[in-house]
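> Below is the structure, and that's it, no one-letter string:
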């Protein structure tokens with residue numbers, strides 16, 4: 001089949017229009033909230049931004065993982081993954097409100113001299129947590145991610161043009177390993193700057209990995225929902241098979257287990273250390289109203305998806321698997337709410353902005369993602385393993 005045969009169906013255009021309409025309406029409502037109560041707006045905005053960042057960066061991580069492993073599992077989702085990575089310029093634009101206005105509402109613990117006087121920071125923290133340092137590092141993080149996005153998308157397009165170029169395949173494979181390491185480092189430091197510094201007196205060395213694995217969950221969940229949606233019409237209708245879903249479901253299960261392992265490891269080490277400053281993070285989040293949210297995250301982000309995804313039948317079910325996937329994206333938002341919001345309030349009650357802002361940023365992001373999806377064939381026609389990956393053989 002040619003590139004023309006793999007064009008995106010009309011449903012992608014409809015998705016783009018619907019998502020942009022919902023995102024636009026939600027954005028107008030959100031702007032009203034930003035003007036009226038910025039102290040409520042920016043905590044919600046940060047939470048929503050981190051979720052959307054995860055969809056784009058998780059896809060970048062999966063693209064590199066795919067090239068590193070050369071596995072069949074990723075060929076069916078490679079183009080949607082690449083489309084998601086090309087939304088990074090929009091995600092960088094989403095960061096601007098935090099950089100220019102939101103910092104004073106979010107990071108008072110180290111920006112406000114009065115608060116720093118009451119609860120002094122260490123010499124290193126005073127040097128590291130500065131307004132200019134924060135912005136400079138943010139520019140570096142986005143520069144790294146945008147460069148990785150550019151390299152892998154450009155080489156992917158070259159591969160479509162020259163299918164027999166083995167040097168190109170080797171280059172993709174060789175760049176993927178260092179690319180993953182750089183992505184993980186940049187994201188770990190970004191998580192420290194953007195989220196962990198909300199409570200500067202608390203620290204965790206595993207914190208960045210929690211975000212990296214959370215991003216992989218978000219992205220894999222999105223890809224499952226997208227390929228099932230695309231498979232309702234040609235060209236993927238005759239191509240997506242149960243074995244493809246089974247492979248994607250297994251990876252989603254692996255990421256959920258890895259996330260739970262990191263989350264529990266962090267809790268176990270900090271709790272057993274029993275240092276007053278270190279356990280403060282969990283004392284606010286495991287008791288009272290926030291304790292209820294912690295139980296919800298434990299049950300519905302780990303236990304329920306874990307036991308459902310253990311079933312081979314569920315992983316091969318084109319109706320049930322996307323529902324679990326979409327649910328996990330929602331639970332990522334709940335987990336981010338639990339991680340960030342206790343720094344601002346003791347009440348575990350979502351505000352109306354917690355609903356409007358994820359819809360605004362998510363709608364605009366999904367619209368741009370759908371636009372990118374229409375730009376290239378839905379399958380990587382230059383991938384030497386394509387025919388083997390879409391061959392009809394169930395097992």
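Structure received. All figures in this text were calculated on a predicted structure; none of them were measured in a lab.
> okay, CA-based contacts and neighbour counts for the rest of this
Noted.
> could you pull out the helices for the stretch 201-350 of the chain?
Under the criterion DSSP state H, counting those that start in this stretch, helices of the stretch 201-350 of the chain are mapped to 207-230, 242-273, 276-285, 288-297, 304-309, 312-315, 320-340.
> Save those as a markdown table, and put in distance to residue 166 and mean pLDDT too.
Converted to a markdown table, the helices of the stretch 201-350 of the chain look like this (distance: least, Cα to Cα, whole Å; pLDDT from 0 to 100):
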| stretch | distance to residue 166 | mean pLDDT |
| --- | --- | --- |
| helix 207-230 | 28 | 96 |
| helix 242-273 | 26 | 94 |
| helix 276-285 | 51 | 86 |
| helix 288-297 | 46 | 96 |
| helix 304-309 | 37 | 97 |
| helix 312-315 | 34 | 96 |
| helix 320-340 | 35 | 97 |
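> Next, the buried residues of the helix or strand hosting residue 33.
Element membership for residue 33, per DSSP states H and E: helix 10-36. Buried residues in helix 10-36, counting neighbours by 16 or more other Cα atoms under 10 Å, are found at 12-13, 15-24, 26-27, 30, 33-34.
> go on, stretch 195-215?
Buried-residue list, stretch 195-215, by 16+ other Cα under 10 Å: 195-201, 203, 207-215.
> From residue 307, how far off is the residue nearest the centre of the chain?
By Cα atoms, centre = their mean, the chain has its centre lying nearest to residue 54, at 1.6 Å. Separation of residue 54 from residue 307 (Cα to Cα, to the nearest Å): 24 Å.
> Point out where this protein drops to low pLDDT.
1-5, 392-395 (pLDDT under 70).
> residues contacting residue 57?
By Cα atoms under 8 Å, 6 or more residues apart in numbering, the contact set of residue 57 is 85, 88, 145, 215, 219.
> Check these and tell me the two furthest apart.
Maximum pairwise distance in the contacts of residue 57, criterion Cα to Cα, is 15.5 Å, between 145 and 219.
> more neighbours, the two?
residue 219 (27 against 23; other Cα atoms under 10 Å).
> Can you tell me the number of residues neighbouring the closest residue to residue 39 other than its chain neighbours?
In space, residue 39 comes closest to residue 105 once its chain neighbours are excluded; the distance is 5.8 Å by Cα to Cα, 6 or more residues apart in numbering. For residue 105, the neighbour count with other Cα under 10 Å is 18.
> so who does residue 105 touch?
So residue 105 contacts 38, 39, 42 (Cα under 8 Å, 6+ apart).
> which one among those gets closest to residue 131?
For the contacts of residue 105, the nearest to residue 131 is residue 42 (16.7 Å; Cα to Cα).
> what about the closest one, distance to residue 244?
Residue 42 is 40 Å from residue 244, by Cα to Cα.
> Next: residue 50.
On the measure of Cα to Cα, residue 50 and residue 244 end up 29 Å apart.
> Please verify my assumption that residue 116 contacts residue 109.
Yes. Using Cα atoms under 8 Å, residue 116 is in contact with residue 109, at 6.4 Å.
> Neighbours of residue 364, how many?
24.
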